[in-house]
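Enquirer: any chance you can model this:
(chains A and B)
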There are 2 protein chains.
Amino acid sequence: MSRRGRRARTGAPTEQRKVDYHNLRNPFPPMNAFSEDRIEALHQASLTVLEEIGIKVLLPEARALFKSGGARVDDEMVFIGRDMVEAAVASAPKTIPIRGAVRARGITLELGNLVFQPGAGAPHATDLERGRRPGSLSDFREMVQLTQHFDVLQMVPPLVEAQDIPVHLRHYAMTQTVLTQSDKVPFIYSRGTPQVLDGFEMIRDFRGISDDEFHATPHCYTIINTNSPRVIDMPMAQGLIDFARAGQVSIITPFTLMGAMAPITVAGAMTLSHAEALAAITLTQLAKSGAPTCYGTFTSNVDMKSGAPAFGTPAHFTASLVAGQLARRLGLPWRCAGGSAANINDAQAANESQFGLWGCLMAGASVVIHSAGWLEGGLTVSYEKIITDLEVLQMVAELCAGTPATDADIALDALREVQPSGHFFGASHTMERYQTQFYEPLVGDWSNFGTWTERGAVDADNRATGIWRNIVDNFEAPSHDPDRIDGLRDFIARRTEQGGAAPES
Amino acid sequence: MSRRGRRARTGAPTEQRKVDYHNLRNPFPPMNAFSEDRIEALHQASLTVLEEIGIKVLLPEARALFKSGGARVDDEMVFIGRDMVEAAVASAPKTIPIRGAVRARGITLELGNLVFQPGAGAPHATDLERGRRPGSLSDFREMVQLTQHFDVLQMVPPLVEAQDIPVHLRHYAMTQTVLTQSDKVPFIYSRGTPQVLDGFEMIRDFRGISDDEFHATPHCYTIINTNSPRVIDMPMAQGLIDFARAGQVSIITPFTLMGAMAPITVAGAMTLSHAEALAAITLTQLAKSGAPTCYGTFTSNVDMKSGAPAFGTPAHFTASLVAGQLARRLGLPWRCAGGSAANINDAQAANESQFGLWGCLMAGASVVIHSAGWLEGGLTVSYEKIITDLEVLQMVAELCAGTPATDADIALDALREVQPSGHFFGASHTMERYQTQFYEPLVGDWSNFGTWTERGAVDADNRATGIWRNIVDNFEAPSHDPDRIDGLRDFIARRTEQGGAAPES
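Expert: Numbering: from 1, shown residues only, chains lettered A, B, ... in the order given. Here you go, the predicted model:
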């Protein structure tokens, strides 16, 4: 008897569709924006920038590392030879595993893999219940819970700034929140060595491992924004060195807005972005050869009338493609970003975020950040937009899973069974599959206009409120050892007593 | 002196960005959903459907054509041999030029080209000023004007049904509207031979050409929906024959919703869709060898709980990819479709439409229909959604245009000129380009939250109202010979006097 037959007779319970949204391989053919020879020209121009024009490095220790590696240093300016850069790229690992609290939450950054992060670093939070406000620890906690809830988000970035916590204590509260409310890969801000070392200690002890074990495998990541054009500031340089020496992951992201802090052309902005990324990668490898570091860019354009940044534009899309070509040339995993400049979660917001997302996907990005919730060019993360964007990410994950095309799927028997003008609702081929065949929408409403109107004519934005509210209200934190939770609390109390750690600037 | 230098000194007027949105080549690498051998298996299964299971053809003349071509005919069932299908595919043209009223509005359907149509065939129209209502001739006229206005829409489909015009006269009013309000490629409904011949006559005379000239080159197109599963009804069969004999274009579109009128699997639904499309293509070639015909599909899934159709889903996306693989195997231009099941122009509507659009683009579709304005799974076309979707289409057209990467674009001089932590706003490289460098949004608002709030906190949907209203209020129809406008009016008056032409059913 077929499985279906048994189930039908025994009245077995409804099946659930199960698709692995955590381990994603990018199924989209990579798209090139420029010819291979122009990519090579761009790469060489970036090397010329580093060798002849130079980059300003504010941290003396970093300049000393560059100098020891053979760079010419003139006051704060560092001039990095081509050979140094090529050596650094060669020693940077092409595959970077990062552990979560449990094995299933681990990820591997490498070309071909696909990992998503929600919007990060916003000063404001917004939702339809409470309005737009400065981000708080409570907002951050709820957003971490939402991130934890959805398998398609594999890393937990600093979604919103906990502005109600003083800056010398904020990193304790945010790291405590990520570690206790989630079991996914955690982020640590690079705001100076004292805060970074606090973060490492918290993660190491909460994971219950030794210093050596911690250093042997990445357990967290940071994001390094160069100060474009051509500056690596104090906390960023410290972060690059600290993370490299601890064997933890720095994701390097020049934020090069065309026409503002970068040339107005895609080629020019990417030349700058690439040069800065290569400089930062070189620093990581000088600090510790083989240190895990992720290439990256965030290159979009501004409105040349107002100077306002724009996201999800054709120029942004194209820059992502160029970054993908450069990353493939280096062989390194890399991070790209979507986003929107819209002020609310409307059609503009959806269209810009999705357009930018497709740029990342077709560029072959290994990590896509700001892929859910980002509004106002990153000044706000919206609870509702997290939900509506997640719909798109889950649909992309469904595409990653692929679709079978066996003879049974081709279904000649069903095609013989159903008569002309008939329907397949009752066909055995349908009955065998209907419970699990299709992706079911998270927030999409497919009811007809009459039904939708009777139910209150609620738009996607307002439906999303009920969805995140339900997740937050019913959230159960993943199981962690209570002793470690206590230990973390004790560590924070002790460090708070000692005065905390002010951010480096 | 450089051009820029002259302009700067003479205070020349602001330049406008000019990008060709009419003649588009698809720049996206085609994506495969199935391996080549499974595509071949699917194709062979479709041939088996036609040869062994058969297709019901309601029009006796069509059955006679099939029989004369070698098919076995049993009552209304037609069984079409593989060789007949292969011969038809071989004789169908791979490149199809279609003329507009002027040379610049002509298009060419072929693999690699990209043409967009707005949403088509909706019984309802909606906008924020007047609400949702049955479509009228006035709505249709305004939507044709919007279609005419935007270069990125190259064909004028029957956007909304002019329900205020009796069905035996409606084709006169709609064709008159398209011909007078637009100079783009017009659509003619296949609602029976009398209406089709009326349409041909109107177009021929309005274009001022002879019967022979009309027959020699396509001047219009129709869309043929098979009645899935496995039926070609009377008006559709007539349309296939009439358009083929007149040398006009039939775009063949089985509408195969997985789990409803098609198998629940992508592979099964596409086997059915492909079989039906091949049957229709075969009929066109039997009617006239070499007749221009466009392959197509519209395959999405339904909600298996409610039976409601869904669009812009992973299954829809995947079906589009499979159709693209099959079209490339045939070598024929082909049509694909986006769309949304949302009831208003919200984030769901934007996300579904854009997700479906990317399916079409990565499938390499030659024609993308329903690419702007389509809501409620096609029951309504929204004026505002036409505008918000056009933003995405225009951004896609920008990607089609490509981005230069010359040494001047790489901008080493600008990178030397701007100091670390400086900005590029004032760089000469920027000044030379800033007026025309970037795509300027149609409806996107990139202002910051404060400015946007001061301006009334208007969302994209409401901003779109002002945009379409302005276009419609200031619309100037393209210039047409007044004598031909009079001639068209006279023709319609005469045919109305004679009783018009009722639709075939």
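
Enquirer: strands of the stretch 301-450 of chain A, start to end?
Expert: Using DSSP state E, counting those that start in this stretch, the strands of the stretch 301-450 of chain A run over A:334-337, A:367-369, A:374-375, A:380-382.

Enquirer: strand partners of the longest one, parallel vs antiparallel please.
Expert: Translated: strand A:334-337. Strands that pair with strand A:334-337, judged by DSSP bridges, come out as strand A:293-296 (parallel), strand A:367-369 (parallel).

Enquirer: tally of neighbours for the residue in the stretch 401-505 of chain A that chain B sits nearest to?
Expert: Distances between the stretch 401-505 of chain A and chain B by CB to the nearest CB are smallest at A:A411, namely 3.3 Å. To be clear about C-beta, it is placed using only N, CA and C from the backbone, and glycine gets the same treatment. Residues lying near A:A411 (other CB atoms under 10 Å in any protein chain shown) number 27.

Enquirer: same check on A:K385?
Expert: Around A:K385 there are 30 other residues, counting by other CB under 10 Å.

Enquirer: dump the residue contacts of it.
Expert: Residues near A:K385 by CB atoms under 8 Å, 6 or more residues apart in numbering or on different chains: A:G119, A:N345, A:A349, A:S353, A:A372, A:G373, A:W374, A:L375, A:A464, B:A347.

Enquirer: cool, and A:P254?
Expert: A:P254 makes contacts with A:N225, A:T226, A:S228, A:L272, A:S273, A:E276, A:A277, A:G296, A:T297, A:F298, A:T299, as judged by CB under 8 Å, 6+ apart.

Enquirer: hmm, try it at 10 Å
Expert: A:224-230, A:232, A:261-262, A:269-270, A:272-280, A:296-299, A:323 (CB atoms under 10 Å, 6 or more residues apart in numbering or on different chains).

Enquirer: likewise for A:D83?
Expert: By CB under 10 Å, 6+ apart, the contact set of A:D83 is A:L47, A:E51, A:G69, A:G70.

Enquirer: need the pLDDT of the second one.
Expert: Right, the one you point to is A:E51. If you check A:E51, the pLDDT there is 98.

Enquirer: surely it meets A:G70?
Expert: No. Using CB atoms under 10 Å, A:E51 makes no contact with A:G70, being 11.3 Å away.

Enquirer: report the set of residues contacting both of these two.
Expert: A:I80, A:G81, A:D83, A:M84.

Enquirer: test my guess that the first one contacts A:A62.
Expert: Spelled out, that is A:I80. No. Taking CB under 10 Å as the definition, A:I80 is not a contact partner of A:A62, at 11.6 Å.

Enquirer: nearest residue to A:T465 other than its sequence neighbours?
Expert: Spatial nearest neighbour of A:T465, excluding adjacent residues (CB to CB, 6 or more residues apart in numbering or on different chains): A:L128 at 4.8 Å.

Enquirer: distance of that neighbour from chain B?
Expert: 12 Å (CB to the nearest CB, to the nearest Å).

Enquirer: number of nearby residues for that residue?
Expert: Neighbours of A:L128 using other CB under 10 Å come to 17.

Enquirer: A:P123 - how many residues pack around it?
Expert: By other CB under 10 Å, the residues close to A:P123 number 14.

Enquirer: need the contact list for it.
Expert: Neighbour list for A:P123: A:P134, A:G135, A:V160, A:E161, A:Q163, A:E376, A:G378, A:L379, A:T380, A:V381 [criterion: CB under 10 Å, 6+ apart].

Enquirer: report the buried residues of stretch A:454-472.
Expert: Buried residues in stretch A:454-472, counting neighbours by 16 or more other CB atoms under 10 Å in any protein chain shown, are found at A:V458, A:D459, A:A460, A:D461, A:R463, A:A464, A:T465, A:I467, A:W468, A:I471.

Enquirer: what about stretch A:483-503, average pLDDT?
Expert: 98.
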